[in-house]
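> Kindly return the folded structure for what I paste below:
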Amino acid sequence: MNIVILSRNAELYSTDRLVEEGKKRGHKIEVIDPLKCDLIIEKENPTIFYKDRYLDYVDAIIPRIGTSVTFFGCAVVRQFEMMGVFTTVTSDAIIRSRDKLRSFQRLSKAGIGMPKTVFTNYSRDVERVIEHVGGTPVIIKLLEGTQGLGVVLAETKNAAESVLEAFNGLQARALVQEYISEAKGADLRALVVDGQVVGAMKRQGKEGGEFRSNLHRGGSAEIVKLNHDELKVAMNAATALKLPVCGVDMLQSERGPLLLEVNSTPGLEGIEAATGRNIAKNIIVYIEKNTK
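Numbering: from 1, shown residues only. Next comes the predicted model:
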């Protein structure tokens, strides 16, 4: 098959591993920068022009669309969809997952447990907002953030008020979320492919009180075996957001696993290193199963 990986950097670990595993299985793999694609829209003949050629020979795509290029990146994915090309993640699913509020609303409707969360229209009544989530400390998250950026732990009412005022002043939409103290700065990342968990790790925030466990923030990771409830949350979240390939982040709490976030383009480096699993191969096999 002719498989295209939509990525701005061919040297990134995840992109490189997908190229490696695709070639091992006999496929032709190309890495294409989505921002350099021209979308040609006409009646019954949607096409994409890239550098010196039309991409009318592509059988499947693997979107690796960064948050900063979501708008045009998803337009490229949508164009491929209009051309009848299989994609591991649809444009609508990427957009849905990037909006934390929208995804939380959908996940709540699906009956998936999560930390209590409040969203307001730039409310200045911080005390009431804090009461809604059970009091301080609270987590304040920008609606659009990645790798732990735009996430703040406010330990007091004054701190929460200062952070919310700063975000409001920048007209940056934010969620206020219950702080789960028993998680102790750790979370779980489950990698879902074709609706099944193919690898899981426990991430621990770096020493010194760092509550964010992201590996990009200096956290560590180790392989973990998920229990029945954790597996159920991961797979149900992927189904609710229509993401056959995704990373699902959860907290371990006294009331069971609580969902933090679902990532539509999860990195492979941390989880392959922690688990020893060949996640890239799983993704290529998923494409083979779904592409004629």
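
> C-alpha from now on. contacts and neighbour counts both.
Fine.

> Show me what residue 203 bridges to in the sheet.
Beta-bridge pairing of residue 203 under DSSP bridges involves residue 187, residue 221.

> Can you classify residue 121 as helix, strand or coil?
coil (DSSP: H, G, I helix; E, B strand; the rest coil).

> mind listing the strands in the stretch 1-150 of the chain by residue range?
Here the stretch 1-150 of the chain has its strands, by DSSP state E, counting those that start in this stretch, at 2-6, 28-32, 37-40, 47-50, 53-54, 60-63, 86-87, 117-119, 138-142.

> which residues does residue 241 contact?
93, 96-97, 103, 106-107 (C-alpha atoms under 8 Å, 6 or more residues apart in numbering).

> which among the residues you listed gets closest to residue 173?
Using C-alpha to C-alpha, residue 103 comes nearest to residue 173 of the contacts of residue 241, at 14.7 Å.

> Find me the pLDDT at the closest one, would you?
With respect to pLDDT, residue 103 scores 92.

> ok, now how distant is the closest residue to it other than its chain neighbours from residue 197?
In space, residue 103 comes closest to residue 97 once its chain neighbours are excluded; the distance is 5.6 Å by C-alpha to C-alpha, 6 or more residues apart in numbering. In this view, residue 97 and residue 197 are 18 Å apart by C-alpha to C-alpha, to the nearest Å.

> Look at those two and report which has more neighbours.
residue 97 (23 against 20; other C-alpha atoms under 10 Å).

> Quick check, that one in contact with residue 266.
No - checked against C-alpha atoms under 8 Å, the pair residue 97 and residue 266 is beyond contact range at 11.6 Å.

> Out of the strands of the stretch 1-150 of the chain, which one sits most buried?
Using mean count of other C-alpha atoms under 10 Å, the stretch among the strands of the stretch 1-150 of the chain with the greatest mean number of neighbours is strand 60-63 (a mean of 24).

> So what's the gap between that one and the chain middle?
Counting by C-alpha atoms, centre = their mean, to the nearest Å, strand 60-63 is centred 16 Å from the centre of its parent chain.

> What strands line up against it, and which way round?
strand 2-6 (parallel), strand 86-87 (parallel).

> show me where this protein has helices.
13-24, 70-82, 91-98, 100-109, 126-132, 157-169, 228-240, 269-275, 279-290 (DSSP state H).

> want to try a markdown table for those helices, with distance to residue 46 as columns?
As requested, the helices of the chain are arranged in a markdown table below (distance: least, C-alpha to C-alpha, whole Å):
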| stretch | distance to residue 46 |
| --- | --- |
| helix 13-24 | 26 |
| helix 70-82 | 7 |
| helix 91-98 | 16 |
| helix 100-109 | 29 |
| helix 126-132 | 47 |
| helix 157-169 | 41 |
| helix 228-240 | 29 |
| helix 269-275 | 35 |
| helix 279-290 | 22 |
